[in-house]
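Engineer: Kindly generate the corresponding structure for this input.
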Amino acid sequence: MVIASKEQLLAADAERDRAICGHALATMSPKRTRMADRGAHDPTPTPYFILEELLQPLGLTPDDHLLDVGCGTGRVLAYAAGRLPCRVTGVELDPQLASVAAAWAARFPRLDVIQGSVLEIPLAAFSHYYLFNPFDTSVLVAFLDKIEREAVRPVTLIHMSDNGETYAYLARPTWRLVRDGSIQTYPSSSGRAFDVYAYPQHWSMWRYEPSA
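Structural biologist: Okay, here's the model as predicted:
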């Protein structure tokens, strides 16, 4: 199928959701977060083509463990179910969204879902992190502080839609920018690209290595 519009892209993602999870994940999420008072942002499933672009180059192995921070109903988990060899855990503050993700992900041994705050769970087990603009900058800073306290091995973090938050990493000399870029359009196989976002969404990949 040639995808030639944003509507077709969203429909294809929904069909892929249904094949893996049993239902379209975007329809299971509210448009507005119920957790704004705790710094959470609106739940936003990452399009599959973006996950392909950002996660495949990591070269993840069965020894790695990826944490999807603010997993919502589980789009990253759905991608991982068929495309990643590592363990993947989603952590989600909203109990209703976490319940949706946990229900369908239970069929996959390498997937897990934790309901709660990422600031309240142990982080030492994780080698990689994925964030799609999950929370306010103040929460991000606390999260980076927690990684620095608990990491026992080098970790890689990908932050999609980090617009305006790159400085939170740049202010930390122990974090190294590996690469970055921006995504706005979908490179349709028809040769005619179309906008997925109204404005370019910056993303960045960071590496943190704990001191010996």
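
Engineer: Which residue ranges of the protein form helices?
Structural biologist: 6-21, 48-55, 75-83, 95-105, 137-150, 166-170 (DSSP state H).

Engineer: A124 is nearest to which of those?
Structural biologist: Among the helices of the chain, the nearest to A124 by C-beta to C-beta is helix 137-150 (5.1 Å). Placement of C-beta: from N, CA and C, glycine included.

Engineer: and the closest one, what does it pack onto?
Structural biologist: When contacts are defined as 3 or more C-beta pairs under 8 Å, 6 or more residues apart in numbering; DSSP states H and E, helix 137-150 packs onto helix 166-170.

Engineer: Can you tell me what sits against the helix it packs on?
Structural biologist: Residues outside helix 166-170 that contact it (C-beta atoms under 8 Å, 6 or more residues apart in numbering) are 137, 140-141, 144, 159, 175, 177, 180, 202, 204, 206.

Engineer: Let me know the closest of the residues you listed to G74.
Structural biologist: Using C-beta to C-beta, the contacts of helix 166-170 come closest to G74 at H159, 19.0 Å.

Engineer: For that closest one, give me its contacts.
Structural biologist: For H159, counting by C-beta under 8 Å, 6+ apart, the contacting residues are 131, 133, 165, 169, 203-206.

Engineer: These in strands, which ones?
Structural biologist: Taking DSSP state E as the definition of strands, the contacts of H159 contribute 131, 203-206.

Engineer: from those residues, which is closest to C71?
Structural biologist: L131 (10.4 Å).

Engineer: you'd agree that closest one is up against E165?
Structural biologist: No: contact between L131 and E165 fails when scored by C-beta atoms under 8 Å: they sit 9.4 Å apart.

Engineer: Give me the buried subset of the ones in strands among the contacts of H159.
Structural biologist: Taking 16 or more other C-beta atoms under 10 Å as the criterion, what is buried in those is 131, 203-206.
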